[in-house]
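Trainee: what follows is a predicted structure for the sequence shown.
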Amino acid sequence: MSDYEVGYTLGVVIGSIVMGLLIGLIPYFMAKKRGRKNFGMISIVICILANFLGGVIISIPVCLIVIAVLLGTEGNNNKTTQTNYGNDINNGSNTNSFSQTTQTQVYCIYCGAAVNKNSMYCTSCGHKLP
């Protein structure tokens, strides 16, 4: 191989990696903001591979698909609990208090998951609770 071919090949490889990285940073920061940093790291690798295999024409749609998956699975992380106001059906008593589940749980400020209020870390996203 001539010097020209080596330089061209090296330029294509480095350019693909850089462009894939730049495109992959979009879903990475979106995932990081939502407390899913591992998903963001995977999205960077996927975008780099897509850019290397098909160029910008392939990596941009792959980036959009990764963002759609991130936003589509976001609602599955949030766990909600129902509050029992007023009459308790089981024992017929009339109370105006919260049910036991809401007194012992708080919501993570990063992902919104219900966690035990005595926990130091969120069981869903792993962030340290305030």
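Mentor: It's in. Numbers count the residues shown, from 1 in each chain.

Trainee: CA only for contacts and neighbour counts going forward, please
Mentor: Will do.

Trainee: show the average pLDDT along the strand or helix carrying Met19.
Mentor: In the assignment (DSSP states H and E), Met19 maps to helix 3-33. Mean per-residue pLDDT for helix 3-33: 91.

Trainee: now stretch 49-69
Mentor: Here the average pLDDT along stretch 49-69 is 92.

Trainee: and what of stretch 109-122?
Mentor: The model assigns stretch 109-122 a mean pLDDT of 83.

Trainee: what separates the first and last residues of that stretch, distance-wise?
Mentor: 9 Å (Cα to Cα, to the nearest Å).

Trainee: report the buried residues of the helix holding Met19.
Mentor: Going by neighbour count (16 or more other Cα atoms under 10 Å), the buried part of helix 3-33 is 16-17, 19-21, 23-28, 30-31.

Trainee: same check on stretch 67-74?
Mentor: Applying a neighbour-count criterion of 16+ other Cα under 10 Å, one finds Ile67, Leu70 buried in stretch 67-74.

Trainee: from now on call the first residue 59
Mentor: OK, 59 is where the count begins now, so the last one is stretch 125-132.

Trainee: next one: it to chain centre, how far?
Mentor: Offset of stretch 125-132 from its chain centre (Cα atoms, centre = their mean, to the nearest Å): 8 Å.

Trainee: and for stretch 66-86?
Mentor: Counting by Cα atoms, centre = their mean, stretch 66-86 comes out at 22 Å from the chain centroid.

Trainee: what does it rub up against?
Mentor: Here stretch 66-86 makes contact (Cα atoms under 8 Å, 6 or more residues apart in numbering) with 95, 97-99, 101-110, 113-114, 117-118, 121, 124-125.

Trainee: and those, which of them are in helices?
Mentor: 95, 97-99, 101-110, 114, 117-118, 121, 124-125 (DSSP state H).

Trainee: how about Ser177, phi and psi?
Mentor: Recorded main-chain torsions at Ser177 are phi -70, psi 150, according to degrees, to the nearest 10.
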